[in-house]
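>>> structure, please.
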Amino acid sequence: MRTFVTVVRAGSFSAAADELGYTQAAVSQQIASLENDLKATLLHRRPVRTTEAGARLLEHAGPILLRLRAARSEIARLTAAPRLRLSVGASPLAAAHVAGALAAARRAHPRLEAAVRVLPRAGIDAAVATGDLDIGLVDGIAAPSDPLRLDAGVPVAAVAVAERPLAVVLPAAHPLASRPGLDLRDLVDALWLDAPDVAVPLAALRRATGARDGFRPSLTCEGGDVELLVALVAAGHGPALLPAGLAGRRGLAEVPVRAPRIVHRTEVLHPRTTGPAGTAFIAALTGGTS
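Model (predicted):
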């Protein structure tokens, strides 16, 4: 299955062989074996592209391979000796919770070796499941007390860390800046800043409001720089939806979101089996509820 996915992504049997460290004959044999097992042709050979059956298999292949990697990682955690190392990945807005929890873990385990990475929201859950990270911290929007929308196929446990109200961040001179509150559905036709790693992603705004269209981007701001985002808002490039109190600078207004009823939520993600340092980190974040 991994060879099949690599051939499709690389676009040729020879490129896949180079990437995987196999001979081209071995790659061809594996694809033929997979086709024989499924009794279907998966790839057109010249040029290499998926058949209809291959395209369907490709849809299943990612989750299947992820679950296999997660299974290997979980078994390794169960059978390996406990280690005093901790790798934490956090989305930009969730990263503020790392320092205190890491300090608590180090008090409990003074010899702890730790590494922290600030990462895009997407993929942190998979990295925890497959052992690339020991702990993940992610943020997003949800109805009050509801969990975040994570990939149901990723086998990780999620525990709430914090919930905060949301606010639309606008230039202070904006016509809506003096409102006591806003219904996001009234802003469906506005041009928004699209900063998916920091602000609430525009796709999430559409889901929350039930709007199929709208919430169009004025420009895209990639990466996790909050200061750049609020500077773009202040310069009039469009509003952004952020946790209340985050903008915190002159020339900006934060108008509370009154409807729909959603909040900014942060969760800690961890595998079902955690080491002593991970357990101490999670307990510091959740008050021992993990």
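
>>> how close does residue 172 sit to residue 247?
11 Å (Cβ to Cβ, to the nearest Å). C-beta: built from backbone N, CA, C; applies to glycine.

>>> pick out whichever of the two has more residues nearby.
Neighbours per residue (other Cβ atoms under 10 Å) separate residue 172 from residue 247, with residue 247 holding more: 22 against 11.

>>> is that one in a helix, a strand, or coil?
Classification of residue 247 using DSSP: H, G, I helix; E, B strand; the rest coil returns coil.

>>> can you give me the distance of it to residue 253?
8 Å.

>>> what do those two both touch?
In terms of Cβ atoms under 8 Å, 6 or more residues apart in numbering, residue 247 and residue 253 are both contacted by the residues residue 169.

>>> let me see the mean pLDDT of stretch 249-262.
In this model, stretch 249-262 has an average pLDDT of 92.

>>> compute the first-to-last residue distance for it.
24 Å (Cα to Cα, to the nearest Å).

>>> could you number the chain from 22 rather than 1 from now on?
Got it, the first residue is 22 from now on, which makes the last one we talked about stretch 270-283.

>>> give me the contact list for that stretch.
162-165, 186-193, 195, 197-206, 229-230, 251, 254-255, 262-263, 265-266, 268.

>>> buried stuff in it?
273-276, 278, 283 (16 or more other Cβ atoms under 10 Å).

>>> chain center to that stretch: distance?
In terms of Cα atoms, centre = their mean, to the nearest Å, the centre of stretch 270-283 is found 24 Å from the chain centre.

>>> among the contacts of stretch 270-283, name the buried ones.
Of the contacts of stretch 270-283, these count as buried by 16+ other Cβ under 10 Å: 162-163, 187-192, 195, 198, 200, 203, 205, 229-230, 251, 254-255, 262-263, 265, 268.

>>> pull the most distant pair out of the buried residues of stretch 270-283.
273 and 283 (20.9 Å; Cβ to Cβ).
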